[in-house]
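> here is my input, please return the structure:
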Amino acid sequence: MATRKIPNHPNTNKNNLKGKQNSMATARIPHLPVLVIHHVLQFLPTKHAIRMSSLCKQWAGLWSSVPVLDFEEEADEPHAKFINFVDRCLEIHEKYEHLDKFRLHMRFRSDEDEYKLDKWLGFAVERRVKELDISFSDIWPFVGVDLLSPPLNAKSLTSLNLENVIIANRGCPCIQYLSLTSSSSSKSNYYNISMQTLLDAKSLTSLNLEFVVITDDSNNDPPIARLPYLETVSLTTVDINYGTFAQLISSSPSIEHLSVSIRFPHSYNYILPSSSLKSFEVRIFNSDVVQVSGAESLESCTLVLESPKQIKRIRLDRCKNLKHLSIRAPQLPNFTLQLHGCKHLVNASLDIPKLDWTGINSNVEWIHL
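All right, here's what the predicted structure looks like:
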């Protein structure tokens with residue numbers, strides 16, 4: 001008697017296919033030393049590190065011993081599910097005493113989220129976290145967290161990256177990288193940071209500020225290498241008076257790269273008494289005269305002219321090592337370019353669509369794009 005073949009249940013086929021896919025994925029994962037696996041997992045978001053750990057017995061559970069926690073809320077992910085996921089991961093990490101990096105990018109929904117943030121930051125700082133990267137979206141006003149409260153004295157912190165969240169960081173003397181940014185262009189929503197706070201960060205090597213007000217509450221004593229290691233500075237839409245800006249530059253004897261977008265009220269005269277500055281980029285909003293002087297090591301200068309006024313003259317003095325000059329000005333019909341004290345032939349590129357004529361002295365080789 002012939003037997004009839006009973007077809008597999010559809011779910012059985014799916015499970016078999018899933019099992020085959022997992023087996024194939026496992027087969028493709030090479031056998032690696034534990035230290036190598038640890039190194040790989042440190043570069044993955046925590047959610048992906050957990051998934052990788054589930055594909056291979058050798059990797060199983062190793063994600064929990066990696067000193068990096070990296071959380072990013074996905075756009076279509078239920079908010080409560082994300083919060084619970086972070087809580088569970090931190091519970092698993094409680095037995096470990098050190099944390100190299102804590103990254104948290106999420107939507108902010110309620111006061112409960114602020115409570116959670118306090119708790120999570122406390123967890124990170126108690127484990128002497130070195131890198132802190134916090135970003136909130138869908139938020140107004142900024143969330144404020146104080147790292148100076150007794151359990152949150154982040155003296156081990158070397159890198160601090162904040163977006164739409166304010167953390168008092170005067171207790172972070174070892175910080176080397178500081179980035180404060182905002183998604184709001186309204187001046188009433190800018191960060192506020194004091195000049196003294198910046199000058200107290202003596203280990204700082206890189207500074208990035210966007211939509212920030214720098215207040216001048218420092219004393220009037222002349223600075224003496226207050227920021228001796230600062231090499232890179234980017235100030236984008238920053239509210240700062242020229243005296244405070246000049247103090248920041250003169251306090252940074254090792255600065256090599258400077259990019260600024262600042263609305264000074266009068267003509268621009270950037271006196272840059274820095275023997276180390278090599279590249280300078282400036283966005284200009286309100287001036288008819290632009291002058292850069294004193295940067296003896298300057299090799300590259302970029303001027304982006306967005307001033308409603310007619311720029312009459314651009315002058316660079318005592319920039320003796322200048323080699324490259326770039327000028328971008330969408331509305332500029334004419335101007336005079338003066339270079340004094342440059343020992344090299346300067347290659348200048350002019351991205352000025354409406355340019356009719358320009359007066360340029362003889363030691364410039366220029367291209368009109």
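> give me the contact list for the host helix or strand of E210.
Per DSSP states H and E: E210 is located in strand 206-215. Contacting residues not belonging to strand 206-215 are listed as 176-182, 184-185, 187, 189-195, 198, 230-240, 244, 248 [Cβ atoms under 8 Å, 6 or more residues apart in numbering]. The way it works is simple: take the backbone N, C-alpha and C, and place the C-beta from them, glycine included.
> from those residues, which ones fall inside helices?
Using DSSP state H, M195, L198, T244, L248 are the members of the contacts of strand 206-215 that sit in helices.
> on that earlier part again, buried among the contacts of strand 206-215? Make that a ChimeraX selection.
Applying 16 or more other Cβ atoms under 10 Å to these, the buried members can be selected in ChimeraX as follows:
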select :176,177,178,179,180,181,182,190,191,193,194,195,198,230,231,232,233,234,235,237,238,239,240,244,248
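> and stretch 34-54, how far apart are its ends?
Using Cα to Cα, to the nearest Å, the end-to-end distance of stretch 34-54 comes to 15 Å.
> tabulate the ones in helices among the contacts of strand 206-215 (TSV), appending pLDDT and distance to I311.
Putting the ones in helices among the contacts of strand 206-215 into TSV (pLDDT from 0 to 100; distance: Cβ to Cβ, whole Å) gives the following:
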residue	pLDDT	distance to I311
M195	86	30
L198	86	31
T244	86	25
L248	88	25
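> what's the nearest residue to H38 if we skip its chain neighbours?
V66 (5.9 Å; Cβ to Cβ, 6 or more residues apart in numbering).
> which residues does the one you found contact?
Neighbour list for V66: H38, L41, Q42, A49 [criterion: Cβ under 8 Å, 6+ apart].
> just the ones of these in helices?
Per DSSP H, these map to helices at H38, L41, A49.
> from these, which single one is nearest P253?
H38 (39.1 Å; Cβ to Cβ).
> residues in contact with the closest one?
L62, S65, V66.
> let's have these in JSON lines, adding distance to S275 and pLDDT.
Shown next, in JSON lines, are the contacts of H38 (distance: Cβ to Cβ, whole Å; pLDDT from 0 to 100):
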{"residue": "L62", "distance to S275": "49", "pLDDT": "80"}
{"residue": "S65", "distance to S275": "47", "pLDDT": "83"}
{"residue": "V66", "distance to S275": "43", "pLDDT": "89"}
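> could I get the residues you listed as CSV with secondary structure and distance to R127?
Output for the contacts of H38, formatted as CSV (DSSP: H, G, I helix; E, B strand; the rest coil; distance: Cβ to Cβ, whole Å):
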residue, secondary structure, distance to R127
L62, helix, 18
S65, helix, 13
V66, coil, 13
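> nearest to N286 among these?
Nearest member of the contacts of H38 to N286, counting by Cβ to Cβ, is V66, at 49.8 Å.
> show the backbone phi and psi for that closest one.
phi -80, psi 130 (degrees, to the nearest 10).
> and D317, by the same measure?
Dihedral angles (degrees, to the nearest 10) for D317: phi -120, psi 140.
> what's the neighbour count on the closest residue to it other than its chain neighbours?
Among residues not flanking D317 along the chain, S293 sits closest, at 3.8 Å (Cβ to Cβ, 6+ apart). Neighbourhood size, S293 [other Cβ atoms under 10 Å]: 16.
> got it, and L55?
Residues lying near L55 (other Cβ under 10 Å) number 15.
> in three-state terms, label it for me.
Under DSSP: H, G, I helix; E, B strand; the rest coil, L55 falls in the coil class.
> same question, R226
Assignment for R226 (three-state DSSP): coil.
> same check, this time on M106
Judged by three-state DSSP, the three-state class of M106 is strand.
> and the nearest residue to it once chain neighbours are set aside, backbone torsions?
In space, and not counting its chain neighbours, M106 is closest to E73: 4.1 Å by Cβ to Cβ, 6+ apart. Dihedral pair for E73: phi -80, psi 130, per degrees, to the nearest 10.
> and E73, what is it in contact with?
E73 touches H79, F82, H105, M106, R107, counting by Cβ under 8 Å, 6+ apart.
> which residues of the stretch 201-350 of the chain fall in helices?
242-250 (DSSP state H, counting those that start in this stretch).
> give me the residue ranges of it where confidence is low.
217-225, 263-274, 307-309 (pLDDT under 70).
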